[in-house]
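Asks: below is the structure, and that's it, no one-letter string:
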């Protein structure tokens, strides 16, 4: 029954929020309470999966090892994003940028966004998973256009069109995967387990075509190059807490869809086919992001290209196989923490400077001393500087590919170096420049400072110590994917 919490709580929270009139405090309470309940329910799920291998409900919903990891990530980032949203929106209301109606719309859509991600993870049916991921597109499109500016509307339409076309391709690929299953006389909803049982009997040619559609379709949602063009625009216009969820949570959920179809493809045609495709998309994404980072003038777009780079790193890990798979799954966790940290820190910068332009942000260390230190920590973590965990995962991924794919590994390594140099150039000018005299000193408040401190502490701690239950979940996921 615990799995129903991930459906009922955000749904009820969204409906109740819609009915609230002129009581922002109630909206804030609902958001924090709902996300806290989801986080508590997550503890039971991950411990149960770590002990038993899975957690199921009537065959309709089930969580495996990787699903438990993603629920943990989504609920944790969702809780802190909801907490941060209270302070973020309060400041925006105080500046008279938005009113109560916009705040209510924000929380209604935020709950629906979390609901769609949870549903995509726990459903056992590929079609329902597609529906849930499509629902994330619809809910976040309105959040991207939240400020109702022409540039935000343009970004929202671009996001909606590109992702809808991509998911249409994913739907076609899903139908191709299901059509052989239907020929075996299966009745009722088809689940992942039944498809896996018959995977060896599928037509290899059909499965190859189907997986290409899946990889391009869901890869659009992940942000692989060349399907990435929506990401910088969407990230630069959406409210900061929403962007933290887009990069820290939704990216992983879309990747889960690819991996589930990959496991079927591997049983049908062997691992080499899917691995080569993932390696190709991975290396291209890393290099395009690396060169794009140098030319960015907007720090939210800068972080968007960083997400593209890390999607490529994960793809390389799963493509290389072996130890690279363990490192890629662990990389998902570290990336979610580091990128959420960076985006929420960027939110504090935006609230202080009222600009997303890198040129307009100077003297960050004196204007926001706590945020600037945490922002630098996030920069060092996301670029793979030791002793942060991403250094270990990137090193492990490259080590996994150096024997079989030396050229790809060298190119990827050069890309990572370029990313560090590009990031350093941009971040240094923001942190150590001369502050404008009109910019006041001091943090915005506990609502926007506490969440980034919590993430920073957990990120640093996780770089040195991985809890035993997390190791069990990752090892279990490696055995499946």
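Replies: That came through fine. Predicted model only: the values in this text are computed from it and were never measured.
Asks: C-terminal to the helix or strand where residue 212 lies, what's the next element?
Replies: Residue 212 belongs to helix 204-222 when assigned by DSSP states H and E. Of the helices and strands lying after helix 204-222 in sequence (DSSP H and E), the nearest is helix 230-237.
Asks: distance from the helix holding residue 212 to the middle of the chain?
Replies: 20 Å (Cα atoms, centre = their mean, to the nearest Å).
Asks: what's the angle between that helix and helix 230-237?
Replies: Counting by axes from the mean of the first three to the mean of the last three Cα atoms, to 10 degrees, helix 204-222 lies at 20 degrees to helix 230-237.
Asks: report the buried residues of helix 204-222.
Replies: Across helix 204-222, burial judged by 16 or more other Cβ atoms under 10 Å covers 207-208, 210-222. From N, CA and C alone the C-beta is placed, and that goes for glycine too.
Asks: who are the packing partners of that helix?
Replies: For helix 204-222, the packing partners by 3 or more Cβ pairs under 8 Å, 6 or more residues apart in numbering; DSSP states H and E come out as helix 126-144, helix 150-183, helix 251-269, helix 271-293.
Asks: show me the contacts for the closest residue to residue 250 other than its chain neighbours.
Replies: In this structure, residue 250 finds its nearest non-sequential neighbour in residue 136, 5.9 Å apart by Cβ to Cβ, 6 or more residues apart in numbering. Contact analysis of residue 136 by Cβ atoms under 8 Å, 6 or more residues apart in numbering lists 113, 116-117, 120, 221, 250, 253.
Asks: got any ranges where this protein has weak pLDDT?
Replies: Along the chain, the model assigns pLDDT under 70 to residues 180-188.
Asks: can you redo the contacts of residue 136 as CSV with distance to residue 464?
Replies: Shown next, in CSV, are the contacts of residue 136 (distance: Cβ to Cβ, whole Å):
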residue, distance to residue 464
113, 32
116, 34
117, 29
120, 32
221, 33
250, 28
253, 28
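Asks: which one of those has the most neighbours?
Replies: When neighbours are counted by other Cβ atoms under 10 Å, residue 117 leads those with 31 neighbours.
Asks: so it makes contact with residue 249?
Replies: Yes. Here residue 117 reaches residue 249: they are 5.9 Å apart, a contact under Cβ atoms under 8 Å.
Asks: overlap in contacts of those two?
Replies: In contact with both residue 117 and residue 249: residue 74, using Cβ under 8 Å, 6+ apart.
Asks: centre of the chain to stretch 36-49, how far?
Replies: Centre-to-centre, stretch 36-49 and its host chain are 19 Å apart (Cα atoms, centre = their mean).
Asks: residues in contact with that stretch?
Replies: 2-3, 5-6, 9-10, 55, 63-65, 67-69, 71-72, 75-76, 78-79, 114, 118, 469, 473, 476.
Asks: residue contacts, the nearest residue in space to residue 322 that is not next to it in sequence?
Replies: Closest residue to residue 322 apart from its sequence neighbours, by Cβ to Cβ, 6+ apart: residue 400 at 5.0 Å. Contacts for residue 400 (Cβ under 8 Å, 6+ apart) come out as 317, 320-324, 327.
Asks: residue 65 now?
Replies: So residue 65 contacts 49, 53-54, 472-477, 479-480 (Cβ under 8 Å, 6+ apart).
Asks: just the buried residues of those residues.
Replies: Counted by 16+ other Cβ under 10 Å, the contacts of residue 65 give 49, 472-474, 476-477 as buried.
Asks: Serialize those residues to TSV and add fields for distance to residue 335.
Replies: Output for these, formatted as TSV (distance: Cβ to Cβ, whole Å):
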residue	distance to residue 335
49	21
472	21
473	16
474	14
476	20
477	16
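Asks: pick out the most distant pair among those residues.
Replies: The largest separation in the buried ones among the contacts of residue 65, counting by Cβ to Cβ, is between 49 and 474 at 11.7 Å.
Asks: tell me the SS of residue 435?
Replies: Put simply, residue 435 is coil when judged by DSSP: H, G, I helix; E, B strand; the rest coil.
Asks: I'd assumed residue 363 was in contact with it.
Replies: Yes. Judged on Cβ under 8 Å, residue 435 makes contact with residue 363 at a distance of 2.4 Å.
Asks: circling back: how much space between the residue nearest to residue 322 and residue 318?
Replies: For residue 400, the distance to residue 318 (Cβ to Cβ, to the nearest Å) stands at 10 Å.
Asks: what touches both of those two?
Replies: residue 324.
Asks: residue 469 against residue 50, yeah?
Replies: Yes. At 4.3 Å, residue 469 counts as touching residue 50 under the criterion of Cβ under 8 Å.
Asks: ok, these two, which is more surrounded?
Replies: The neighbour comparison of residue 469 against residue 50 (other Cβ under 10 Å) goes to residue 50, with 19 against 16.
Asks: and that one, what element?
Replies: Residue 50 belongs to helix 24-52 when assigned by DSSP H and E.
Asks: what's in contact with the helix or strand following that helix?
Replies: For helix 24-52, the following helix or strand on the C-terminal side (DSSP H and E) is strand 55-57. Residues outside strand 55-57 that contact it (Cβ under 8 Å, 6+ apart) are 1-4, 45, 48-49, 62-63, 68, 124.
Asks: which PyMOL command selects the buried ones in those?
Replies: Buried residues within the contacts of strand 55-57, by 16+ other Cβ under 10 Å, are selected in PyMOL with:
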select buried, resi 3+45+49+62+63+68+124
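Asks: okay, the contacts of strand 55-57 in a markdown table with distance to residue 232 next?
Replies: Rendered in a markdown table, the data for the contacts of strand 55-57 read as follows (distance: Cβ to Cβ, whole Å):
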| residue | distance to residue 232 |
| --- | --- |
| 1 | 42 |
| 2 | 38 |
| 3 | 35 |
| 4 | 37 |
| 45 | 34 |
| 48 | 39 |
| 49 | 36 |
| 62 | 36 |
| 63 | 33 |
| 68 | 32 |
| 124 | 35 |
